[in-house]
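Enquirer: Okay, here's the prediction I keep looking at, along with the sequence it came from:
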Amino acid sequence: MRAAILLAVAAVAGVAALSAHAQARPLRPADAALLKRAATPEELVAQAVAKRLTRLTPTVRCGPLGVSAPPGMLVTGVTLLPPHGPADYFLLLPQECNYLSWFRQSPERYDPGTCTDDACLQLASKAALALATVSHESYHVLGYRLEKQVECYGMQSIWFVATSLGASVAEGQRIAGFYWKTIYAERRQTTPSYWSADCRDGGKYDLRPASHNWPS
Ligand SMILES: [Zn+2]
């Protein structure tokens, strides 16, 4: 397990140049067509998970996000903020939606704890990012706006997204731990507004201070 984690850090460092994060932006008239069309099976999967997590009924669509990012940055999701009232929509990159669907088909394939090579870890990393994007955007839908808080809360719900898509609790916790040690750790350098020293076991953003099973 220790060797696997060290390997994971090495593998994810390789993709660190492409730092992924999720944003929020105003809802625009140009979004109407995408939000109005019937949901695809992938979108229904994402919507069902977001509904379970938020206990609200957000609309989720997979498509162009309508945001620009600096070179080397990848925005994986965006929550659309209406002029008044709570956000009720989020968009995911099509590749994130694909990973959600693939994950649901065979969750065990994306368990970083079973990886013995880089290719497996890269796949686990991509799936973890897709799960984390859903939980991140869900916290925006719940009304949170501060990115470092949203990202920390989202990470603590990766296990929930994973188990909603059929993973065991143990696998969900391994994926969350993997995300914490790799993608989240990189944020301090690559996307510092999404990182906080208060995001740790017992820190200000710990949603379950009585539990030490961080970050799940
Ligand atoms: Zn965000």
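Expert: Cool, got the structure.

Enquirer: give me phi/psi at Gly75?
Expert: Wrong residue type there; residue 75 is Val, not Gly. phi -90, psi 120 (degrees, to the nearest 10).

Enquirer: An error on my part: the question was meant for Gly143.
Expert: Residue torsions, per degrees, to the nearest 10, at Gly143 are phi 110, psi 0.

Enquirer: Report the contact partners of it.
Expert: By Cβ atoms under 8 Å, 6 or more residues apart in numbering, Gly143 lies in contact with Pro86, Ala87. Yep, even glycine has a C-beta here, placed from its N, CA and C like the rest.

Enquirer: From the ion, how far off is it?
Expert: 12 Å (Cβ to the ion, to the nearest Å).

Enquirer: now do Pro107
Expert: For Pro107, the distance to the ion - Cβ to the ion - is 25 Å.

Enquirer: Likewise for Ser138?
Expert: Distance, Ser138 to the ion, using Cβ to the ion: 10 Å.

Enquirer: which SS class is the spatially most central residue of the chain?
Expert: Residue closest to the average C-alpha location in the chain (Cα atoms, centre = their mean): Ala132, at 1.6 Å. Under the three-state scheme (DSSP: H, G, I helix; E, B strand; the rest coil), Ala132 adopts helix.

Enquirer: wait, doesn't it sit right on Met155?
Expert: Yes: at 6.2 Å, Ala132 counts as touching Met155 under the criterion of Cβ atoms under 8 Å.

Enquirer: shared neighbours, the two?
Expert: By Cβ under 8 Å, 6+ apart, Ala132 and Met155 have these common neighbours: Tyr179.

Enquirer: which residues of this structure fall in helices?
Expert: Ranges of helices within the chain are 2-13, 32-36, 41-54, 94-105, 118-141, 147-155, 158-164, 169-179, 185-190, based on DSSP state H.

Enquirer: would a markdown table of the ones you listed with mean pLDDT be doable?
Expert: Listed next are the helices of the chain as a markdown table, based on pLDDT from 0 to 100:
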| stretch | mean pLDDT |
| --- | --- |
| helix 2-13 | 46 |
| helix 32-36 | 94 |
| helix 41-54 | 93 |
| helix 94-105 | 96 |
| helix 118-141 | 95 |
| helix 147-155 | 96 |
| helix 158-164 | 96 |
| helix 169-179 | 97 |
| helix 185-190 | 92 |
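
Enquirer: Now distance to Gly202 too, for the ones you listed, in TSV please.
Expert: Listed next are those as TSV, based on distance: least, Cβ to Cβ, whole Å:
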stretch	distance to Gly202
helix 2-13	21
helix 32-36	40
helix 41-54	23
helix 94-105	30
helix 118-141	20
helix 147-155	13
helix 158-164	18
helix 169-179	16
helix 185-190	18
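
Enquirer: So which of those is nearest Pro83?
Expert: helix 32-36 (14.1 Å; Cβ to Cβ).

Enquirer: Up against the ion, what does this structure have?
Expert: Ala22, Glu147, Val150 (Cβ under 5 Å from the ion).

Enquirer: Tell me the one of the residues you listed nearest Trp159?
Expert: The shortest approach to Trp159 among the residues of the chain next to the ion belongs to Val150, at 16.9 Å (Cβ to Cβ).

Enquirer: Pretty sure the closest one sits against Thr133.
Expert: No: judged on Cβ under 8 Å, Val150 makes no contact with Thr133 at a distance of 11.2 Å.
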